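A.B. asks: here is my input; please provide its structure:
(chains A, B and C)
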Amino acid sequence: MSSVEPPLIASPGFMGSLRKYLRIFRVSLVERLAYRADFLLGTVLRFLPLVTSVLLWSAVYRGSGNDTIEGYTCRQVIAYLLLVHVSRMFSSMPGLASGIARDIREGTVKRYLVQPLDLQAHLLAYRAAHKFAYIVTSALPYGLLFWLMGGYFDWPREPWIWAAWLASLILGFFLGFLMEFVLGLLGFWFLEISSFLYLVNTVSFFLSGHLMPLDLFGGRMAMVLKELPFQYLAYFPATVILGRETPGAVMNGLLVEIAWCLVFLVVGRVALRLGLRRFSAFGG
Amino acid sequence: MTGGGKDIGGRRGLGSYFRLLGAFGRFSLNRELAFRGNFLMKVLLEVVWLGILLLFFHTIFRNTSRIEGWNEYQYLFFLGCYYALEGLIETLFLENCVEFGELVRTGNLDFFLLKPIDEQFLVSFRHIDWSTAPKVVIGGALMGVGLWELGEPVTAGRIAGFVVALLSGMALAYSFLLILASTAIWMVRNQSLMELWWLFSSLMRYPRDIYEEPWAVMIQKVFTFLLPALLVVSVPAEAMVRVLDSAILAWTVFAGLMMLGVSRWVFRRAIRSYRSASS
Amino acid sequence: MSQGSQKGGAGPAIEVSHLCRTYKVAQKKAGLLASLRGLWKGETRTVEAVRDVSFRIDPGEMVAFLGPNGAGKTTTLKMLAGLVYPTSGTARVLGYLPWEREDSFRRQFSLVMGQKNQLWWDLPAADSFELHREIYSLERARFDSTLGELVELFGVDKLTRQPVRELSLGERMKMELIASLLHEPKVLLLDEPTIGLDVVAQGTIQRCLREYNLRKRATIILTSHYMRDVEALCSRVLMIVHGALQYDGQLSGLLDRFGRSKLVRLHFEETVPHGLERFGECKVNGPVAELKLEKSQIAQVLSSVVDLPGLVDLSVQDPPLEDVVAMAFGSGAGKP
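C.D. replies: Down below sits the predicted model:
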């Protein structure tokens, strides 16, 4: 990851920085494509949990004898499980926090002190490239999958729902990035955070609704889970495109999501500043 | 003339391998205890994961009484079996296999090849990850609760079937993991072995009966006969709390031995490639 | 089994004939398009790491491999250790074909790489030694006495109970060496054993290696960037440049062959007078001037500098070994 060190010249002004980060985007994209085989295997395996959970839920509905559970039909649950993958495709940031922590531990973070390069903006450009490459190359297998499982979907006709979905996905990317970024900065204060990160990942798998629709937990549990920022990483975009929410609720959800983004942005900026100050005080 | 004194013929006994395993276990424990905070965090992680599994279990059985013929407590036994087996794999092999990629990348695998000992043994068992060992006990407890609630007598035949199937299941899981890890030689970036394994092991997470749907029959066939991952947890659990089917038991044992052979072959190919590629 | 007759016998410890090693490296071109093309087929380039190398080393000899970075020294060592297959040619170490990696062969040699670490990082070295004992199936009594000797020899008595990560680089290297000597190898292959170490630690390691060589009549091959190591340990050197053996003989012979120049040091009372450049390459440092001269010129130049005003002292020296070797590398590079 840290091997990408394009020669960057300090060019002031907005366009200048934009060009700088576009360049990082391009270099990162090239690097990503070089790892083909691993990528292929990863893509194939990625669908396995989906298949198994679809089968499990089919079995659950068959066993229960009911058509709906907490207002979800079996088809809707399965559609949800597929759609959650799309959400996670945007919001998951594998290796981001641990990469930051490693840079801090090994001292490579120093270069953000000496180079005219902002750690957060650099990583955002890098991630955006990876996400872009990932989404483009996954489009085919996912398209195939959605086509194969077309029977499970009732795609909404209203354009606003599609627009809201897209917005929620892109916001999900930013929220996912900003949250992971803050986690990674913990590395300034704690030497070894890999296990902690793993813990957060596991909890987030559950809290975000990746495992199953949050509503299925029922009652108070579902209510609490829907107040947390994690739901925007998986649950929220999926319910939007499932057409389960009213326009008002969707609008409200998007606004709250933006608010969460701002919260994590501010926390991240403050933590980065404090962290770098601490880092230079200790001499790196 | 020779230095070591007892290397006549160069063969080492099985006892020596067990002693070595003991030493690995001891030293790994020393190492873990040197980083107690991290150790506790890892244990906490496992407890949280258990909580999620149980919550999932609870949510499902709030809405249904059966999943493809598995009632609540049979399924709890299955869950315990899954959790314990996952614990065994993680304690013994997962960390080692993840490190294998790192050894290849840094070239430190060289040192393993210099030692007068089977390199697969050395690579597979070097670190014992004690932080995941409690899962085996907890999984055992879940199985115990399941059996207790079912209230059916546990026969010696079932216990024997369970143990044999569990060992075969472990052999299968280990083989798959080792094959995945070996691919690190041919692929550029394989740091995500942990994730790949997590994805692959989803095949073991639910009973194999859920693959009865028409469109999933092919998947069931493939992962029963070609890459028998569906057998790993299902067969031991079935042997204990459902049907003790000798045909599937025999196939599981056979498949376990076969896959051990295949994985060893793949591992050796990987080492060969590593040696041909390095300079 | 294709073993020769003299396994462990009285023949040479190491015999190498016409050893070659080529390998392919992936060629990654820059640019997005090339990268996309690389998705289907990678392009490779063949590198000749070792070319037709032959030599023999007798038991108990200490030999240095010299050569610039990437010359094939490490590859040759790795072939002797059985880690790498040769592309053609053959080698026998203690009568074994190394790449067959028989257990009985692996019990009799050690490879130490200065840039790599094989001890358990978070544990005391003593624990790693203990594992080593199990892996090599060493008898307890013999292991204890060997370990005791080595710990004393290297002077690391109190450090074996300390986690390896807390040791200094030099101490860590000493532990690595102890670990590699525990099974009393007859052949010791050392790749840059003193890299990054201070002079004191280098000295200790040199002394210990010499001692081990004497005590056990072990055959030692080492590569090093530090001529000090080579001067201290090895009378015989093998020079490898661009994968080919350029020189095999005494270290002094290397000096005769490539060290054609001498260094004349002139010490003046106050300042160095101008005009010394006319004799040859001249370096001035305060009142001292260093002239680099061809051997044939010496007599003539000396006769004309003795009369220079203010000259206090004068000496003629061999140039530093480093310079000679660098020059030898350069001349070797000329003929492919």
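
A.B. asks: which residue, other than its chain neighbours, is closest to C:A244?
C.D. replies: In space, and not counting its chain neighbours, C:A244 is closest to C:R51: 4.6 Å by C-beta to C-beta, 6 or more residues apart in numbering or on different chains. Any C-beta I mention is one placed from the backbone N, CA and C, and that applies to glycine too.

A.B. asks: which positions in the helix or strand that contains the one you found come out as buried?
C.D. replies: Here C:R51 is covered by strand C:43-57, with elements defined by DSSP states H and E. By 16 or more other C-beta atoms under 10 Å in any protein chain shown, the buried positions in strand C:43-57 come out as C:49-51, C:53, C:55, C:57.

A.B. asks: surely the residue nearest to C:A244 meets C:H18?
C.D. replies: No: with contacts counted by C-beta atoms under 8 Å, C:R51 stays clear of C:H18, the gap being 9.5 Å.

A.B. asks: one step back: after the strand holding C:R51, next one along is what?
C.D. replies: strand C:62-66.

A.B. asks: residue contacts, the most centrally placed residue in chain A?
C.D. replies: Nearest to the geometric centre of chain A sits A:S91, at 1.3 Å (C-alpha atoms, centre = their mean). Residues in contact with A:S91 (C-beta atoms under 8 Å, 6 or more residues apart in numbering or on different chains) are A:169, A:172-173, A:175-176, A:208, A:232-234.

A.B. asks: and B:G151, by the same measure?
C.D. replies: B:G151 neighbours (C-beta under 8 Å, 6+ apart): none.

A.B. asks: hmm, 10 Å instead?
C.D. replies: Neighbouring residues of B:G151 by C-beta atoms under 10 Å, 6 or more residues apart in numbering or on different chains: B:Y73.

A.B. asks: do C:M327 as well
C.D. replies: By C-beta under 10 Å, 6+ apart, the contact set of C:M327 is C:258-261, C:319.

A.B. asks: relative orientation of the helix or strand harbouring it and strand C:62-66 in degrees?
C.D. replies: Counting by DSSP H and E, the element that carries C:M327 is helix C:321-334. In terms of direction (axes from the mean of the first three to the mean of the last three C-alpha atoms, to 10 degrees), helix C:321-334 departs from strand C:62-66 by 60 degrees.

A.B. asks: list the buried residues in stretch C:209-218.
C.D. replies: Neighbour-count burial for stretch C:209-218 [16+ other C-beta under 10 Å]: C:209, C:212-213, C:218.

A.B. asks: taking those residues together, which two end up most distant?
C.D. replies: The most widely separated members of the buried residues of stretch C:209-218 are C:L209 and C:A218, with 9.0 Å between them, by C-beta to C-beta.

A.B. asks: report how many residues lie close to residue 164.
C.D. replies: Just going to use chain A. 22 (other C-beta atoms under 10 Å in any protein chain shown).

A.B. asks: right idea, wrong chain: chain C
C.D. replies: 21.

A.B. asks: which pLDDT value belongs to residue 251?
C.D. replies: Picking chain A for this. Note for A:M251: predicted pLDDT of 95.

A.B. asks: you answered for a different chain; I wanted chain B.
C.D. replies: B:W251 is assigned 97 on the pLDDT scale.

A.B. asks: show me what contacts it?
C.D. replies: B:168, B:224-225, B:228, B:231, B:235, B:245, B:258.

A.B. asks: buried ones among those?
C.D. replies: Applying 16+ other C-beta under 10 Å to the contacts of B:W251 flags B:168, B:224, B:228, B:231, B:235 as buried.

A.B. asks: what sits closest to the first one if chain neighbours are left out?
C.D. replies: Counting by C-beta to C-beta, 6+ apart, the nearest residue to B:S168 once its immediate chain neighbours are dropped is B:G256, at 3.4 Å.

A.B. asks: cool, the third one as well?
C.D. replies: For B:P228, the nearest residue in space outside its immediate sequence neighbours is B:A255; the separation is 4.3 Å by C-beta to C-beta, 6+ apart.

A.B. asks: can you check the fourth one too?
C.D. replies: For B:L231, ignoring the flanking residues on the chain, the nearest one in space by C-beta to C-beta, 6+ apart is B:T252 at 4.8 Å.
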